[in-house]
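Peer 1: no sequence for this one, just the structure:
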């Protein structure tokens, strides 16, 4: 049975990437929006572009993994195509994991393109091993978060609205363009409760020389966020089929 579930996860993710993610709207939302946002700050202070690279990569992860999440889950629930998947020998959690993996794979593709381009432009030399770990875990975090928020509602437009709220809050509070340490204390408490803060911190540490322990700490916190988002998402997803 577990082999059937693994095959189902793989093919569901592959189908979602081909059907939903590799389309102009998802690509533009996943990569063009973060690049445009960061360029606006670059034009204001061109000398600080190297400092903006971790934020650019973090924003690409955030928006690419959730670019089509609302459509992938809520639209197919409305059409009944997810119910048809359960006619095969596959469990409900495997269906949801396939959806999450689809967003993760698309996020990895978009983020790799942006990361490689940014590294060559600024001439930075990050720790590739730790950078890959942070990017992979971060893609899982936000794909899981997107799935959790989508299963909370029924309609596609409701899911899109619900997804936009944490995305834009995290842009301003998680150190993407403004250092968290310079924020008021009460905003810092909020910031450290949001996963994007640890993504940005982990990425910044990947570009520094002696910060291996900090990267590991950020990676462990993000791994905990994956579990924190996936478990309630699976429980809510079960209720969709009751």
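Peer 2: Yes, it's here. Predicted model, so just to flag it, every value in this text is computed and none were measured.
Peer 1: only C-alpha atoms for contact and neighbour calcs from this point on.
Peer 2: OK.
Peer 1: any weak-confidence spans in the protein?
Peer 2: 1-2, 29, 40-49, 209-211, 242 (pLDDT under 70).
Peer 1: need the contact list for the most centrally placed residue in it.
Peer 2: With the centre of the chain defined as its mean C-alpha position, the nearest residue by Cα atoms, centre = their mean is residue 142, 3.1 Å away. Residues in contact with residue 142 (Cα atoms under 8 Å, 6 or more residues apart in numbering) are 61, 62, 65, 66.
Peer 1: which SS class is the residue located most distally from the centre of the chain?
Peer 2: In the chain, the greatest distance from the average C-alpha position (Cα atoms, centre = their mean) is reached by residue 87, at 29.8 Å. Using DSSP: H, G, I helix; E, B strand; the rest coil, the secondary structure recorded for residue 87 is coil.
Peer 1: tell me which residues in the longest helix belonging to the chain are buried?
Peer 2: In the chain, assigned by DSSP state H, the helix with the most residues is helix 92-122. Applying a neighbour-count criterion of 16 or more other Cα atoms under 10 Å, the buried positions in helix 92-122 are 92-108, 110-112, 114-115, 118.
Peer 1: my guess is residue 145 meets residue 229, correct?
Peer 2: Yes - applying Cα atoms under 8 Å as the test, residue 145 and residue 229 come out as touching, 5.6 Å apart.
Peer 1: out of these two, which sits in the busier spot?
Peer 2: Set side by side, residue 145 and residue 229 show more neighbours around residue 145, with 25 against 20, by other Cα atoms under 10 Å.
Peer 1: The one helix or strand that one maps to to helix 92-122, inter-axis angle?
Peer 2: Using DSSP states H and E, residue 145 maps to helix 128-151. For helix 128-151 against helix 92-122, the angle between stretch directions is 130 degrees (axes from the mean of the first three to the mean of the last three Cα atoms, to 10 degrees).
Peer 1: distance between helix 128-151 and the chain's centre?
Peer 2: Averaged C-alpha coordinates place helix 128-151 at 5 Å from its chain's average position (Cα atoms, centre = their mean, to the nearest Å).
Peer 1: buried sites along the helix or strand that comes right after that helix?
Peer 2: Later in the chain than helix 128-151, the nearest helix or strand by DSSP H and E is helix 156-173. By 16+ other Cα under 10 Å, the buried positions in helix 156-173 come out as 156, 159, 160, 162, 163, 167, 170, 171, 173.
Peer 1: in stretch 200-212, what's buried?
Peer 2: Residues 200, 201, 202, 203, 204, 205, 206, 207 are the ones in stretch 200-212 that count as buried (16+ other Cα under 10 Å).
Peer 1: what does stretch 171-191 give?
Peer 2: Of the residues in stretch 171-191, those buried under the neighbour-count criterion (16+ other Cα under 10 Å) are 171, 173, 174, 175, 176, 177, 180, 188, 191.
Peer 1: my guess is the third one contacts residue 191, does it?
Peer 2: Going back to what we said before, that points to residue 174. Yes - the criterion here is Cα under 8 Å, and residue 174 meets it with residue 191 at 5.4 Å.
Peer 1: Need the overlap of contacts for the two.
Peer 2: With Cα under 8 Å, 6+ apart applied, the overlap between the contact sets of residue 174 and residue 191 consists of 180, 197.
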